[in-house]
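Trainee: Based on what follows, work out the 3D shape:
(6 chains)
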Amino acid sequence: MINLLLLPIILPFFFAIILLFFKEKIQIQRALTLIGLVISFIASVVLMSVVKDNGVQSLTLGSWPAPFGITMVSDMVSVLLVTTSIVITFFIVMYSFISIGKERERFYYYPSVLFLLTGVNGAFTTGDIFNMFVFFEVLLMASYVLIVLGGEKKQLRESIKYILVNVISSALFVATIALLYSVIGTVNMADISVKITEIGQPGIITVIAVLFLLVFGIKGALFPLYFWLPGSYAAPPMPVLALFGALLTKVGIYAITRTYTLFFIHDLSVTHELLYVLSILTILAGCIGALAYFDLKHIMIYNIVIAVGVILFGVALMNESGMTGAMFYLIHDMIIKGALFLLIGIIIAITGTSNLRQMGGLMKTHAPLGWMYLIAAFGLAGIPPLSGFTGKLLIVKGAFEAGHVWGSIIILASSLIVLLSVIRIFIYAFWGEPVELKTTNRRAYRKMIIPATVLVVLSIVYGVGSEWFVPYMSDASKVLLNPSLYIDAVLKE
Amino acid sequence: MTVIANTLIVFTILTGLIFTVVTVIGVLRFPDVYTRAHAASKSATLGVIGILLGTFFHFWLNEGLFSIKLLLGILFLFITAPIGGHLLSRAAYLSGVKPTKHTVGDDLAEVVKQSKRD
Amino acid sequence: MKTNDVILQTGTKVVFFIIFLFSIHIFFAGHFAPGGGFVGGLLTTAAIVLLLLAFDLKTVQKALPFNFMIVVAIGLLLALGTAAGSIIFNVPFFTHAFGDFYLPLFGESALHTAMIFDAGVYLVVVGSTITMIQTIGGDS
Amino acid sequence: MEFVMSIIIGILFMAAVYLILSRSLLRIILGTGLLSHGAHLLILTMGGLGGTSPPVLAEGVTDYADPLPQALILTAIVISFGVTAFILVLFYRTYAEHQTDNMNLMKGNDEHD
Amino acid sequence: MMTFIWVSLLIVILSMLGVLYRIFRGPSTPDRLIALDVIGVMFISATALVSILFHTAFFFEVILLLAVLSFIGTVSFSKFIEKGEIIERDRNR
Amino acid sequence: MEFVLLIFLPLVAALFVPLLYKRIKNIHTGWFVFVIPVILFIYYLRFIEMTMNGNVTTSTLSWIPSLDISFIAVIDGLSLLFSLLITGIGSLVVLYSIFYLDKKQEKLNNFYVYLLMFMTAMLGIVQSDHVISLYLFWELTSISSFLLIGYWFTRDRSRFGALKSMMITVFGGLMMLGGFVLLSIMGDSYSIRELIGNADSIIGHDYFTLALVLILLGAFTKSAQFPFYIWLPDAMEAPTPVSAYLHSATMVKAGLYLVARFTPLFAFSEVWVWLVTGIGLLTLFWGSFFAVKQTDLKAILAFSTVSQLGLIMSLLGASAVAYHVDGPDAIIFKVAAFAAIFHLINHAMFKGSLFMTAGIVDHETGTRDIRKLGGLMSIMPVSFTVAFIGSMSMAGLPPFSGFLSKELFLTSMLALRDFELFNFATWGILFPIIAWIASVFTFVYSFYFVFKTFAGKRKRQPLPKQPKEAPVGMLLSPVILATLVVGIFFIPNIVGKMFVKPAVVAMQFGLYNHPNEVAVHVSAWHGLTPELLMTLGIIAVGALLFLTMKRWQKLYEIQPQYLSLNALYDSLMIFGESGMNRLSRFYMTGLIRTYLIYMFAFIAAITTIMLFVQDAFVVDMDSFSALNAYGVMTAIILVLAVCMVLFAKTRLAAIIALGGVGYSVALFFVIYKAPDLALTQLVIETVSVALFLLAFKFLPTLKRHGESTAFRFGNFVIAAAVGVTMTLVALSAHSQKLIPSISEYYKETVFTEAAGGNIVNVILVDYRGFDTLFEIAVLAIAGIGVYGMIRLRLARKENSDENK
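Mentor: Predicted structure coming up:
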């Protein structure tokens, strides 16, 4: 089954198309979406085991030899991300059943989600830089639809900003690919890597590297390109926000990671130093935002920014600990962000506001929610043995090994800020004098808390059972640190 | 043969060119929209048809390619150009562009006024 | 004021078919000459737009009673199906097949699965652009 | 010629950025349009402007233009068409809801309550 | 022969530039549109001449296409000027 | 037996607590919980024999073996002592809580879950040999104490105190983690004992001092040293059993434990001695001085805890000096180690009992305000006795255990004076002086605590509750502790032999081979030494100060509120909220234009800088193709069209101009031999124009919205920067075509392999068909989006609902 690595992309795509036929039949849409996701998940798990056993899988589409057709590559990094994305989407879709509303469901909400997943998985898997652009567009287009679906005033206003920024970044992306093509005449990622090595990364390639960083930095919310993110992400309904928070910035991070470990590895003192500085600044900027707001959504959104900084910091180190840590943290962040956004969504649904000052005492009425939230919050802050710890530990270790003392101390201190920001939510929303709640539907509440709980449990398993994941993560970092593994798999013969 | 062919080609293209130049003069020099539209829709169409015919002959006679596409194009232009000219003039009139002072009569004005009253 | 568009409508009836045929031609020409699914699709769209301009949404809807969203879906399925056919033969995705076949009516003719893919492209382009134009035009 | 093209690309980007930074929604859309034109021309230029014949097989022609950038541009054109259409509708819907097309009045919800 | 075509092309292009003046000058929108229509038509001529020069038939599609598009453009612009909306929902209402 | 598992016993038991609480209503849940620490205590007693012989036992439970992370439990003298304190005092606290907390009113399930969790955490800290698992438990104590302090979560003070303690201790913990990681890199191991074994390689390392400071930050925050002590008084919002547990015997001792544990590694550092001793003494003084200011019973005890912790800390610092000296001098610093451990035990006893009595007073009178209390002696005789014993021990008076350790403390401080290492000589005199002054205040607050509460007259205004003696059950625990306080005074050497000496051996690793070598003999009477004189002085001056307290207590009011450390913390937190808010408000304007300006400016700047710094700006005229008349003309048309877009006054003109730009681009495609592109571009441009015209019905006319000249100029500068950058980069990239394109392949194979003629189209449907597949997907999604956007209008629905 040589096409196996395509299935996690093709299956959501296929089901999304099928859903287009069932516009008014919401029940069928729901069922098909779940079925599609489950099948995709199975495919991705099989793929993961294949990658684990046989190393990097690659397939050049259309039976063309490698640099000429489009190559799809599944290494451990991509397959991990793909699997996690599918899992998270699954739970968010489950959550959407209750919270998104019939209206949106009728207007192609589920197909859009699946298209988004297609784009995300495609971007994770592709081995061709222009094809990556296409997948970026798929996921962006789907995200435009999702962010604006419903047409509320605020949504429309923020969508404009979101789309504007992404249009600019897309144009820049195309331009950068063009520049790269001009210099080395290829768009296949493995081939690019080989050719850059051949010419030894002259200055112009370094400039292109910086441009790539900027392009992906816009998508991945790197300082000073993240400004658009908080406002835009706060606009759409909660499941969409959860989807964005868990998946979208990660695509940018993945792209930076990929390009900065596969292409631009011959002038680390410039490119990676820049990445290093920017990621630290990203962390700081995220911390400022996370503290500045009293709005649940905004606090969480700024935590996305912080996480971006932490992960890229790990990547910038370019040593084994840092890279493994970054991978650990990346997956952790996807799971925990998904969980936290869902939990916050429940809080907002219960209290009817996202302003912390108008909440209080939920512990008396919704204790399980409180405990789930607290666990997730500690997980986010990297309290052992929860999921964020291993990654952060390894990143810090990597930073010390690389001699970046202050960087790692900032990372550690940022954990404190993260903790403060999320615990503040706990203290204000769950502790304190209870405020009067609007009457909520207990059944809906119970249905909503299930997917969130499962995600939290997953994150706990991920943290406590780190041992099970270490081989996968170290495989991932091995591929990232040894581009030859990737190249050999693509340009075999 | 070539000479005859070339003569034909040159003749048709030249005709086209002349009409084209006439169009430009018309569009630049005529006093109002309606007269310009006249120049544009009639002579421009003739101009392009001439040049296209020349091209058609060139490819047919010199390069041995009988292009249906070009003929189709000529036909198409022949049908559409007047429609376009008509629509533009009407649009201009209905959007209230005044004709030049030299205009003798304006029969449409009555009708428009009438229907506006209704 | 209320105007009739008799000239336009009559012309359009002819011109529509010219454009449509031209678009089909361009679509089929695609593999060997400039053209292909995109341009073909867009040109068909242009033809339909012309119809919409000359008549109105309701009339065109009656004349072309498709749900264009379904057309999009069919097009996507067609494109994906062509590409995914290779999964059955366990060759890399998107491996096209071509060859000379003897067809009863057309005689010896070259068939290329890429054509089917291009047809998918054509349908999607037509479907989605017309959907957009119809919905915008139908907006109040 | 590439020199001229590079300057054209610069001008397109410049005009696009200028328009995108303005206050009026409509001008912003115009800006995004120009931006994509700039990007497409950039690909074309970067592919090299040489080549005496279009990349369609013909007898006796050996010097074809580089087909790959053209294919990439085609993809990009279609995508930006989709995006432009979407943006257009988004903008007029926004205008309908907010009753303004002044970006300054759509300050957004970075409210620091 | 080729020289003649070259010269013709030059004339056509100069004509286009001449008409371009009308686009900038106006004074009314229909004026501009007419000029635009003319430019579209001349564009077709230019393309035809270019294809003679280049000895290639690939631009014939372009020619036909330009004709089609120029027509559609003209129709939609004139409808826009006339009615403000180019596609009506139901004109019999 | 794998005793590492026993660490988790309380945690596992905690899982059953909610169940028991729900099912069994009649019996106080505390009774079930009580069993756990008792079992553990008895279990740990068995190890005394072993540690007395200086033996060590370990037990491992692996967690992430691939990363070399596991739970390694070690029982040696030090960890055993702490384990016994944790479980022993834990049992007493649980016992006490059974009577203190009402089973009907309180959410006992939560309380005991937290408490058990905390117990696990503490056991984990003291038994962990692996730094990562140590850190894990360390944070677990922070979390469980957060929950315990915030137990009455509706109270604002509880929330505040919980957050404060967590922030400060977690901060320390994180820094400590950094230190641990550094250590593990330097010593190539996570195991503390292995690290100590590799001390030689660590000491010379560049990061040695940094690691030391980071780890000390952890210890200082947890042990409430100056200036981090501020969380401790606020933590008194917790129920009293919790205070008794956390702040006498366990949590705050974790920092001391850490310092003791790492002494063998860091003692070689001068910085260590200075910091630990200096901060310890400063804390001792500071805590004791401000304890007298407090009016809340528990606050007095909190500050006394701070000061006592400082005392022990300074002793630990002094004990590190033992590594620097040989011979007879060393003995005194070895005594310091003994004193530290010994005082730690004593402190656990008397402070536990004191907290419990404070709780009893609170419970029975309804207030903890010392100004309202007085004369309770007759009503609550047992409580008074316990409090008296505890206080006297704290003040360092015979015949209570505190006296003995206090004497040893003074001895050590005096020794530091005489000791000429690290330039102590000049400043050394300060050590005994500060120690003495601090001890005076210790004396004062001890008396203050016990006598203002129990002695004197009853205050006139009635207490919230009618005071009475506490029930026997509640008194049981404090009485046991008080008995121990007295008992230890009479058998100090047995205690020393059983507990202190094994601990000292573990702490001063490498100096001894066997606990018996610790040559310290404690005796109540050791002649008329300077220490004794100092004690006498303390009593005299202390008594005087206590009697005149009313007169000078006002002095505290001189210190303005805003100069305190609490104010610093508060302002930090406020800065974290409103300050950050203001900062963020400053640059997060909500205007997309602002954000775009940041982005564009950054993009242009960094790209241009890189271009020149990397010497990448090359313009190679030879690589360019010749100027082409059509090209130039098209370029001119394009630029004209762009200008028209820029300066268009009406929207129609703008759209026409945009179309013009599009057509010019198509013209370029024609010129540069791209017929497919030209076709597509033309059609798309036309369809787009049609779309625009279609949408114009809904769009406003073109307005500038009062863009000022400055505004436009700003836009222009940014735009120009971006434009110039793009030009420069494009030129450079084109001038450096280093590797020929791969597209020759397509030209060669298009007919033979792909059976096509139009290479571009074949690339689109075959070579790169995958792109096309998803590109049409983009178009399809755009269609969906447009459809949904126009047809689905929740906003309007909302509005119309409101209008009804």
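Trainee: Poorly predicted segments of chain B, please.
Mentor: B:1, B:116-118 (pLDDT under 70).
Trainee: Recalculate using a threshold of 80.
Mentor: Within chain B, the stretches with pLDDT under 80 are B:1-2, B:33, B:39-40, B:63, B:95-118.
Trainee: Right, and chain F sits closest to which residue of it?
Mentor: Nearest residue of chain B to chain F: B:Ser95, at 11.1 Å (CB to the nearest CB). (Glycine included, C-beta is placed from N, CA and C.)
Trainee: surely that residue meets E:Ile81?
Mentor: Yes. At 4.8 Å, B:Ser95 counts as touching E:Ile81 under the criterion of CB atoms under 8 Å.
Trainee: Can you mark which positions in the helix or strand hosting A:Gly325 are buried?
Mentor: Using DSSP states H and E, A:Gly325 sits in helix A:320-351. Of the residues in helix A:320-351, A:320-351 count as buried by neighbour count, 16 or more other CB atoms under 10 Å in any protein chain shown.
Trainee: With stretch F:707-714 instead?
Mentor: F:Glu707, F:Phe711.
Trainee: now that stretch, how far from the centre of its chain.
Mentor: Distance of stretch F:707-714 from the chain centroid (CA atoms, centre = their mean, to the nearest Å) equals 48 Å.
Trainee: measure A:Ile199 to chain F for me?
Mentor: For A:Ile199, the distance to chain F equals 5 Å [CB to the nearest CB, to the nearest Å].
Trainee: can you tell me how far the closest residue in space to that residue that isn't next to it in sequence sits from A:Gly203?
Mentor: Nearest non-adjacent residue to A:Ile199, counting by CB to CB, 6 or more residues apart in numbering or on different chains: F:Leu738, 4.9 Å away. Distance, F:Leu738 to A:Gly203, using CB to CB, to the nearest Å: 11 Å.
Trainee: And for F:Gln308?
Mentor: Using CB to CB, we find F:Gln308 at a distance of 64 Å from A:Gly203.
Trainee: what's the answer for C:Phe98, then?
Mentor: In terms of CB to CB, C:Phe98 sits 45 Å off from A:Gly203.
Trainee: The two: which is more packed in?
Mentor: A:Gly203 (20 against 17; other CB atoms under 10 Å in any protein chain shown).
Trainee: OK, contacts around that one?
Mentor: F:Leu611, F:Gln614, F:Asp615, F:Ala616 (CB atoms under 8 Å, 6 or more residues apart in numbering or on different chains).
Trainee: need those in JSON lines with distance to chain C, pLDDT and secondary structure, can you?
Mentor: Below are the contacts of A:Gly203 laid out as JSON lines (distance: CB to the nearest CB, whole Å; pLDDT from 0 to 100; DSSP: H, G, I helix; E, B strand; the rest coil):
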{"residue": "F:Leu611", "distance to chain C": "36", "pLDDT": "91", "secondary structure": "helix"}
{"residue": "F:Gln614", "distance to chain C": "39", "pLDDT": "87", "secondary structure": "coil"}
{"residue": "F:Asp615", "distance to chain C": "42", "pLDDT": "86", "secondary structure": "coil"}
{"residue": "F:Ala616", "distance to chain C": "36", "pLDDT": "84", "secondary structure": "coil"}
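Trainee: and those as TSV, adding neighbour count and distance to A:Val315?
Mentor: Formatted as TSV, those follow (neighbours: other CB atoms under 10 Å in any protein chain shown; distance: CB to CB, whole Å):
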residue	neighbour count	distance to A:Val315
F:Leu611	22	24
F:Gln614	20	21
F:Asp615	12	27
F:Ala616	22	24
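Trainee: what two of these are the furthest from one another?
Mentor: F:Leu611 and F:Asp615 (8.7 Å; CB to CB).
Trainee: hang on, A:Trp228 packs against A:Val165?
Mentor: Yes. Using CB under 8 Å, A:Trp228 makes contact with A:Val165 at a distance of 4.3 Å.
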